[in-house]
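[1] I would like the atomic coordinates for the input below:
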Amino acid sequence: MDQRLSLVTLGVRDLAASRAFYGRLGWKESPPSNEHVAFFQCGGMIFALWGRDALAEDAQAGGPGSGFANVSLAQNVRSKDEVDRLLKEAEAAGAKILKPAGDVFWGGYTGYFADPDGFAWEIAWNPGFTILDDGSVKLPA
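    Model (predicted):
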């Protein structure tokens, strides 16, 4: 198996509400989005929103309430100031701040917000990661 992640799909309670939230963050949908699913090009990978029941059925997995998925999503940025700015933008768009931005033990600066379905998003500045021009993250050699 290739060491690659191509797509992250969140199973959401209300597709229209989640679609509107990410739109307020300034995210633009990409084809083949339709009334059942929203796709967003994110650098070299894809982020998608799909109804919870449809995703659970597709995966043949337990539906909502079957347990915490232990997932957080992250966007790495180029500076501490950008962490602060993006957390403010997310809150203005309707996010709940889970953890205000601050210095962390490993030398970075991070904060967390929750989208309308409670999915945790970390906004992080990591001095050990390089953010390339296309927004992708390069791990140290």
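
[2] Contact partners for the residue nearest to the spatial centre of the chain?
    Centroid-nearest residue in the chain, with Cα atoms, centre = their mean: Leu73, separated by 4.4 Å. When contacts are counted by Cβ atoms under 8 Å, 6 or more residues apart in numbering, Leu73 touches 8, 119-122. C-beta coordinates here come from the backbone N, C-alpha and C atoms, glycine included.

[3] and those residues as JSON lines, adding neighbour count?
    As requested, the contacts of Leu73 are exported to JSON lines (neighbours: other Cβ atoms under 10 Å):
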{"residue": "Val8", "neighbour count": "14"}
{"residue": "Phe119", "neighbour count": "18"}
{"residue": "Ala120", "neighbour count": "15"}
{"residue": "Trp121", "neighbour count": "20"}
{"residue": "Glu122", "neighbour count": "16"}
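
[4] Let me have those in a markdown table, adding secondary structure, pLDDT and distance to Thr130 as columns.
    Rendered in a markdown table, the data for the contacts of Leu73 read as follows (DSSP: H, G, I helix; E, B strand; the rest coil; pLDDT from 0 to 100; distance: Cβ to Cβ, whole Å):
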| residue | secondary structure | pLDDT | distance to Thr130 |
| --- | --- | --- | --- |
| Val8 | strand | 90 | 21 |
| Phe119 | coil | 87 | 26 |
| Ala120 | strand | 85 | 24 |
| Trp121 | strand | 90 | 21 |
| Glu122 | strand | 90 | 18 |
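
[5] so which of these would you say is closest to Gly26?
    Trp121 (14.0 Å; Cβ to Cβ).

[6] Tell me how many other residues crowd Tyr112.
    21 (other Cβ atoms under 10 Å).

[7] how deep is Ala38 tucked in, by neighbour count?
    The tally of other residues near Ala38 (other Cβ under 10 Å) stands at 23.

[8] Check what pLDDT it gets.
    Looking at Ala38, its pLDDT stands at 94.

[9] Who are the packing partners of the lowest-mean-pLDDT helix or strand in the chain?
    Sorting the helices and strands of the chain by mean pLDDT, DSSP states H and E puts helix 52-59 at the bottom, at a mean of 77. The contact analysis (3 or more Cβ pairs under 8 Å, 6 or more residues apart in numbering; DSSP states H and E) places helix 52-59 against strand 7-12.
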